[in-house]
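[1] What follows is a predicted structure for the sequence shown.
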Amino acid sequence: MLYVAHSTWYNLIMAIINRLSEAIEQARVNGVSRYKICKDLDINQGTLHRIMHGTGGCSIRNLEKLCDYLSLELKPKDKKEGK
């Protein structure tokens, strides 16, 4: 079993949420509304709002859908790249 301090998980999750929020905002600037993202991915608008503001959870399935849609890739950071 892997044990990780709460703050480590929290920081990781917040980093992912921040990156998703940035990508969603960039999509909006490029003419893709949050509504369109939700409709295209079959994600509830309230769910997307909670994800973006860090007030709700995000299932792995929704995380995968959002990352694929926004051309983001989740991968472990190489230790050589820093902490």
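    Great, that's in hand.
[2] Distance of residue 12 relative to residue 37?
    From residue 12 across to residue 37, the span is 23 Å (C-beta to C-beta, to the nearest Å). C-beta coordinates here come from the backbone N, C-alpha and C atoms, glycine included.
[3] how distant is the lowest-mean-pLDDT helix or strand in the chain from the center of its chain?
    Using mean pLDDT, DSSP states H and E, the weakest-scoring helix or strand in the chain turns out to be helix 6-29, at a mean of 84. Relative to its chain's centre, helix 6-29 lies at 5 Å (C-alpha atoms, centre = their mean, to the nearest Å).
[4] Low-confidence regions, the protein specifically.
    1-7, 76-83 (pLDDT under 70).
[5] again, only using 90
    1-20, 50-60, 62-64, 72-83 (pLDDT under 90).
[6] Quick check: phi and psi at residue 30.
    Main-chain dihedrals, residue 30, degrees, to the nearest 10: phi -90, psi 10.
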